[in-house]
Every structure is written in structure tokens, then in C-alpha cells.
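> sequence-free structure coming up:
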């Protein structure tokens, strides 16, 4: 059948009913950046309205129309942390394929360079360097809320050691 009826269309997502049965969230694709320095990972701390909690996450964001994933990753890293870097694609995955088509591409950042960044009035976040095993354990214990790209990055790191 494959008939999709749209219930809502917004700036970053659309909600559709597939075959009058499946609720589907069509979502812009995203990027996340895994940056390391001396065993520490670069994360941003920010309040997330959707879950009503503060999270610690890898720098991440949406890919804009016509933008290459690597360009989006570079832009998000700069906007959120003030760093520029050499980026290497690690992997891509769907964030939650049971209901959304959002695909996330994870990049590793090397040779970070601090740059001046214009403040983004919409984002209120703090940047931290944290020992990555400590962060992973805090997530496992439920002390820190995070995102699927952050977990993917930390698990990728775990497999590299």
C-alpha cells in the first residue's frame, strides 16, 4: 500500500501516518563529533526541553538542506565549542528506526584548533572535557542523561582501546 498521510509538517520534522497504521517521524539527518584529548572527550552540557533534564552530549546538530555531513559537523563543532578540526567519518546509524528516519553520522575530530565563535542566542550550553570512561560509567549508572550519538561514540571508543 505505502500511502503516507501527513498530520504535521514543521521546520525540522514531519509526522505522517503510513498506511493508516504506522506513525512515522520524518526528521532531518544529523551529525555528531567525537573529539578527544588525552583520554578526555569534549561534551556540551545543555538543558533539553523534550526530556526536562540537562544532558551531556557530543557536539551535534542537524544537516541543513544542501549541506554535506562533514560541513555540518565542522559547523556544529565550531558553533557549540569554538573548535575547528580535521574530521574523519566513523559511522552512520539511525537514531530510532522504529518511528523515525533520522540518520546520524558520527565523525572523529583530530588536531583541534580553538577559534573565536559568534555566540548563538538560541543555545545555552557549557563545554566540558571529561574522562570518557568516567562519562560512560555515569551514563550507565543513570547519573547523566545523554543522546544516542554520544553513546555510539563512547562505545566506539571502548572498542578501540
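Here it is on my side, so go on. In this text the structure is predicted, and so the values were computed from the model without any measurement. Numbering: from 1, shown residues only.
> Low-confidence ranges, the chain, go.
By pLDDT under 70, the low-scoring segments of the chain are 117-121, 161.
> what about the strands in it?
For the chain, the strands defined by DSSP state E cover 4-9, 13-18, 22-27, 30-37, 40-48, 53-57, 60-62, 83-94, 103-114, 125-131.
> Tell me which of these sits nearest to residue 154.
Taking CB to CB, strand 40-48 is the member of the strands of the chain nearest to residue 154, at 7.3 Å. The way it works is simple: take the backbone N, C-alpha and C, and place the C-beta from them, glycine included.
> looking at it, residue 158 is touching residue 136, isn't it?
Yes. Applying CB atoms under 8 Å as the test, residue 158 and residue 136 come out as touching, 7.0 Å apart.
> partner residues bridging the residue positioned nearest the centre of the chain?
Centre of the chain computed as the mean C-alpha position; nearest residue by CA atoms, centre = their mean is residue 60, 3.6 Å away. Residues in a beta bridge with residue 60, per DSSP bridges, are residue 32.
> ok, back up a step: so which of the strands of the chain is the most surrounded?
With neighbours defined as mean count of other CB atoms under 10 Å, these peak in mean count at strand 30-37, which reaches a mean of 22.
> Surely residue 150 is in contact with residue 33?
No. If you go by CB under 8 Å, residue 150 and residue 33 don't touch, sitting 10.6 Å apart.
> Spit out the residues that contact these two alike.
Here residue 150 and residue 33 have 58, 60 as joint contacts, going by CB atoms under 8 Å, 6 or more residues apart in numbering.
> could you list every residue that touches the closest residue to residue 51 other than its chain neighbours?
Closest residue to residue 51 apart from its sequence neighbours, by CB to CB, 6 or more residues apart in numbering: residue 145 at 6.4 Å. Residues near residue 145 by CB under 8 Å, 6+ apart: 48, 51, 53, 54, 55, 56.
> Same check on residue 157?
Per CB under 8 Å, 6+ apart, neighbours of residue 157: 34, 36, 41, 132.
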